[in-house]
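# attaching a predicted model along with its sequence, questions to come.
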Amino acid sequence: MTSNQVASHYSNTRIVDSILLGLERAGIERASVSVDDLGPVDEFHTGGRIATEHLLKDLQFDTHKKTLDIGCGIGGTSRFLANRFDTTVSGIDLTSEYVEAGIILNQWVSLEDRITLQCGDANNILSENEVFDLAVMLHVGMNISDKAALFSEVARLLKRGGEFAIYDVMKKDEAQIQFPVPWASNESMSFVEPIEHYKHCLEGAGFSIEKTEGRGEFAKSFFRKMQESAKSSDGPPAMGLHLLIGPSIKEKMQNFAQAVFDGLVEPTEIIARKL
Ligand SMILES: C[S@@+](CC[C@H](N)C(=O)[O-])C[C@H]1O[C@@H](n2cnc3c(N)ncnc32)[C@H](O)[C@@H]1O
């Protein structure tokens, strides 16, 4: 598995055009679009914006702090943070189309001064040591095989005492999940691990574990709502993840939902602190 294969899995050259069509269908003017209007499309993780708010509710963001958004996608979490807390965010992502689209979306909502998005690999981030106060990573670790190396890189970039919030899909059972899923076309690019592996790698990289929370029941309720809305004769809502993922969303979400309902995987939060 190469990082190119992961980027190809996510690749979509029509993101901005699709979002423009979604906005038109929703009756939202491009000139007046808000960070909240983009939320249903740009938060590519289980439960979207609600899950982001839950993960980050106890962390202290403010104007003077710098946050690193690892695997930022098209920048939904970065925009949420910059907008809500007036904080400065640097996002990094492997998929160039995501970064390019994210930069345009930042301009639409006038946050380009507070957010920098760059294309790059989370295992090798171009930055000096100990510059960030906080780091967030939502639904990215499933694509990264060497979590010990990833967490060492995050530890290098965080200041001492800095918090690291993770929200990843983690393994609950050894049974095989069906592919494709939202993060992987096939098994070769999926590195879902149990929470014990995350804790072990985080502690090895110099973090203490502050809090963990399984979000399985929340995920099940999210999937039930999605399944109900898919059955509706109106089709999917104007603004939704289908604009980002494309037509394969149905099969990917069905396989993911099944794995959650069968107890094979669970979206899980970890808050860790650099010692
Ligand atoms: C499921 S999406 C989540 C995006 C974003 N965190 C969000 O929640 O909206 C996973 C993202 O991780 C990125 N990614 C995967 N492996 C990566 C790596 N090694 N370095 C940087 N980004 C990576 C992908 O390009 C993709 O944008």
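It's in.
# neighbours of the residue of the stretch 1-150 of the chain found nearest the ligand, how many?
Nearest residue of the stretch 1-150 of the chain to the ligand: Gly73, at 2.8 Å (Cβ to the nearest ligand atom). C-beta coordinates here come from the backbone N, C-alpha and C atoms, glycine included. By other Cβ atoms under 10 Å, 26 other residues sit near Gly73.
# can you tell me the SS state at it?
The three-state label given to Gly73 by DSSP: H, G, I helix; E, B strand; the rest coil is coil.
# pretty sure Gly162 contacts Leu275?
No - with contact taken as Cβ atoms under 8 Å, Gly162 and Leu275 are classed as non-touching, separated by 10.2 Å.
# those two: who's more crowded?
Neighbours around Gly162 and Leu275, counted as other Cβ under 10 Å, are more numerous at Gly162. The numbers are 23 against 11.
# just give the closest residue to the more buried one, not the sequence neighbours.
Spatial nearest neighbour of Gly162, excluding adjacent residues (Cβ to Cβ, 6 or more residues apart in numbering): Lys274 at 4.9 Å.
# tell me the contacts of Val99?
Contacts for Val99 were tallied using Cβ atoms under 8 Å, 6 or more residues apart in numbering; they are 72, 91, 93, 117-119.
# can I have the buried ones of those residues as a ChimeraX selection?
Selecting only the buried members of these in ChimeraX, with burial defined as 16 or more other Cβ atoms under 10 Å, works like this:
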select :72,91,93,117
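# in JSON lines: the contacts of Val99, plus pLDDT and secondary structure.
Below are these laid out as JSON lines (pLDDT from 0 to 100; DSSP: H, G, I helix; E, B strand; the rest coil):
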{"residue": "Cys72", "pLDDT": "98", "secondary structure": "coil"}
{"residue": "Gly91", "pLDDT": "98", "secondary structure": "strand"}
{"residue": "Asp93", "pLDDT": "98", "secondary structure": "strand"}
{"residue": "Leu117", "pLDDT": "98", "secondary structure": "strand"}
{"residue": "Gln118", "pLDDT": "97", "secondary structure": "strand"}
{"residue": "Cys119", "pLDDT": "97", "secondary structure": "strand"}
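# out of the contacts of Val99, which is nearest to Ala184?
Within the contacts of Val99, distances to Ala184 taken as Cβ to Cβ reach their minimum at Asp93, with 16.0 Å.
# show me what that closest one bridges to in the sheet.
Each beta-bridge partner of Asp93 is listed here, defined by DSSP bridges: Cys119.
# low pLDDT regions in this protein?
When residues are selected by pLDDT under 70, those of the chain lie in 1.
# who in it is up against the ligand?
Residues of the chain lying close to the ligand by Cβ under 6 Å from any ligand atom are 3, 6-7, 10, 43-45, 71-73, 76-77, 92-95, 98, 121-123, 138-140, 143-144, 182-183.
# just the buried subset of the residues you listed, please.
When neighbours are counted using 16+ other Cβ under 10 Å, these contain these buried positions: 3, 6-7, 10, 43-45, 71-73, 76-77, 92-95, 98, 121-122, 138-140, 143-144, 182-183.
# now, those that are in helices?
Using DSSP state H, the subset of these located in helices is 3, 6-7, 10, 76-77, 98.
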